[in-house]
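Participant: Quick one, what's the 3D model for this:
(2 chains)
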Amino acid sequence: MTRQHKYIWLTVALAALFLPSSALAWGFSISPPEVKIDNLSPGQKAEFNLTIHNKDNIIHTFVLTTYNPEESERRPRRAEFPDSNWVSFPHQVEIQANSEAKIKVKVAIPSQQKWAGKDWEIWLSITPEDKDLLVVNYYIRLLVSTGEGGERAETSPHIELIVGIIVLLLLGCGIYYFRRKAKAR
Amino acid sequence: MQVRKMDKRIISIILVTILALIPCVPALAEGNSTVTITMATDKYVDITLDKTAWNIGDVEPNTEYMTTPTWCTITNEGNCVVNIRIKGANAECDGSTYTWALSSNNTTAVKKYALLYHISYDSADSYTSITTIEAPMKKANGDTIQLIGNSDNEQFGLKLLTPKPDTTVSGTGYFLKDKAMEATITISAVVAS
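Facilitator: Numbers count the residues shown, from 1 in each chain, chains lettered A, B, ... in the order given. Just a heads-up that it's a prediction; the model follows:
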């Protein structure tokens, strides 16, 4: 009994495998490969669509995430994107066989003035949920440049000027009106 | 009577001025900025792998397994130049907590395995580690793999170094599990800089 048990244990121990799951095949493409958003002021939002084309003859689910590339991988003078939560999109998309889907991506910059005048880069990653030993993943380069604005825009000197003109106008008209009224009496 | 006429005129002037200025306020609040989004929608990324599985079968501890140097072909079927990147993952056993950690430096240990790739036509012994940290795929001379599109392709092979044995009986090493170990190697493409 002891011998038989040892024999089974050895057989089990020898049979460690390095096998991928059942063979899968998929083909897909993405467009555009790069998106450049310029002059996005703090407090503003921008939207664009990316397209995933499922070229297979079966339905596939694709997983979308963000990825912060190292400096050497980024475009020149592009800094790391401060917070991937500023980029929003569906994290999973199911696409029918031989079909494509448009995915809406939103980029929203908080309104603090410290985010003005920056050049950032972040990548959007698109990969199939089904995985084999080898799996393909695509990145879309998202280049975001912020303009001036933000909190400064809320107290813009232009707005102050407009308000000032209105107040002066009302004041002038008021004085004129009461003077005319007094003269009439 | 004259005063009433004047009242109406003044009120009219004020209202007209305010109405005229209202449309200007939101435009000025934007600081005259116009967001521009630039993207080439006629460009697309599309790479294919002619193999996605490596059925090795049973493996022994502390042993090296290799594919041919031209085992897998990466083809750029898209219309833009892409850089190819690669990363690996720990090998997992379905339904078990038994795992093999992926080595970061080609060395193996108990429950630690190594994966390497070889670019075809490089010198036979030139292998580069695949780690859990994504990195550009490179030739032996350090050049990164860049595929220009129009079916431009590159071939590569894999090498597996299995972990040291979990246990040794009478000088023979064994693993303690008989289930299939599953791992994933991710081949990424990003439009070139």
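Participant: per-residue confidence at residue A:154?
Facilitator: Reading off the confidence values, residue A:154 has pLDDT 42.
Participant: ok, longest strand in chain B?
Facilitator: The single longest strand within chain B, with elements called by DSSP state E, is strand B:152-161.
Participant: Sheet-wise, list the partners of that strand with their directions.
Facilitator: Using DSSP bridges, the strands paired with strand B:152-161 are strand B:64-66 (antiparallel), strand B:72-76 (antiparallel), strand B:112-119 (antiparallel).
Participant: what's next to the last one, contact-wise?
Facilitator: Counting by CB atoms under 8 Å, 6 or more residues apart in numbering or on different chains, strand B:112-119 makes contact with B:69, B:86, B:88, B:91, B:100-103, B:106-108, B:126-130, B:137-140, B:145, B:154-164, B:183, B:185, all of which sit outside it. (C-beta placed from N, C-alpha, C; glycine too.)
Participant: Any of the residues you listed buried? List them.
Facilitator: B:69, B:86, B:88, B:91, B:100-103, B:108, B:127-130, B:137-139, B:145, B:154-164, B:183, B:185 (16 or more other CB atoms under 10 Å in any protein chain shown).
Participant: Compute the first-to-last residue distance for stretch B:76-89.
Facilitator: Stretch B:76-89 stretches 24 Å from its first residue to its last (CA to CA, to the nearest Å).
Participant: What residues sit buried inside that stretch?
Facilitator: Quick answer for stretch B:76-89 (16+ other CB under 10 Å): B:76-80, B:82-89.
Participant: which of the strands paired with strand B:152-161 sits most buried?
Facilitator: Highest mean neighbour count among the strands paired with strand B:152-161 (mean count of other CB atoms under 10 Å in any protein chain shown): strand B:112-119, with a mean of 22.
Participant: And the helices in chain A, which stretches?
Facilitator: Assigned by DSSP state H, the helices in chain A fall at A:2-14, A:151-154, A:157-184.
Participant: What is the subsequent helix or strand relative to the lowest-mean-pLDDT helix or strand in chain B?
Facilitator: The least trusted helix or strand in chain B, going by mean pLDDT, DSSP states H and E, turns out to be helix B:24-29, with a mean of 48. Elements were assigned by DSSP states H and E; along the chain past helix B:24-29, the next helix or strand is strand B:36-39.
Participant: In terms of secondary structure, what does that following strand contact?
Facilitator: When contacts are defined as 3 or more CB pairs under 8 Å, 6 or more residues apart in numbering or on different chains; DSSP states H and E, strand B:36-39 packs onto strand A:34-38, strand A:45-54.
Participant: Contacts only, for residue A:110.
Facilitator: By CB under 8 Å, 6+ apart, the contact list for residue A:110 reads A:42, A:43, A:86.
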